[in-house]
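just need the structure, nothing else, for what follows:
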Amino acid sequence: MLQGRALPDPPECLAPFSRVGEGIADAVSGRLQPGDDWQNGHGFGAAMFRPGRTLDRALAPTGATPAFDSGVGRAIWFRSAGDLAQGRRVIERFPEARRAALFHGLGFALAFAGEGTDAGPETATGVEDGAALRRALVLVVPGTSVG
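Modelled structure (predicted):
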């Protein structure tokens, strides 16, 4: 309830984010569930709350999918305080096979935050996805490079 009114149903484009949130919570407990949305949230939570294991040692749980790494990439953007060069340096420490998904997550976070769309070819699909969600949620703000 918001000031006596029922909250509106979230837009359909937000439905996967409920599972992302559950995945973040599971990262704290260390459980890994199937499903891309869940794994994306788990990767984000693992990188935010267990950076030594997830970022410094570049470890992923058994059964992790590219969605897990995309979530890690989103967290890298936050942990790098939006510094794209720093985020790239972190990703370069990971095995080559995981980097595409990591860059996807970095690009997603960058575009969703409205920080830019010219982040290089390796982040292009993530930037497209982040900008599309931003537009779908009507988070287009004049003065941002995604606005």
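
quick check: phi and psi at Gly73.
Phi and psi for Gly73, reported as degrees, to the nearest 10, are phi -60, psi -40.

run through the protein and note the low-pLDDT ranges.
Applying pLDDT under 70 to the chain flags the ranges 1-34, 115-118, 138-147.

can you tell me which helix in the chain is longest?
helix 96-112 (DSSP state H).

for the helix or strand following it, list the C-alpha coordinates in PDB.
Per DSSP states H and E, the first helix or strand lying C-terminal to helix 96-112 is helix 124-136. What follows is helix 124-136, C-alpha atoms only, in PDB (Å, rounded to 0.1, in the frame of the first residue of the first chain):
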ATOM      1  CA  ALA A 124      27.200  -4.000 -27.100                       C
ATOM      2  CA  THR A 125      24.500  -6.700 -26.400                       C
ATOM      3  CA  GLY A 126      24.500  -5.800 -22.700                       C
ATOM      4  CA  VAL A 127      24.100  -2.100 -23.600                       C
ATOM      5  CA  GLU A 128      21.300  -2.900 -25.900                       C
ATOM      6  CA  ASP A 129      19.500  -5.000 -23.300                       C
ATOM      7  CA  GLY A 130      20.000  -2.500 -20.500                       C
ATOM      8  CA  ALA A 131      18.800   0.400 -22.700                       C
ATOM      9  CA  ALA A 132      15.800  -1.500 -23.900                       C
ATOM     10  CA  LEU A 133      14.700  -2.300 -20.300                       C
ATOM     11  CA  ARG A 134      15.300   1.400 -19.400                       C
ATOM     12  CA  ARG A 135      13.000   2.500 -22.200                       C
ATOM     13  CA  ALA A 136      10.400  -0.100 -21.300                       C
END
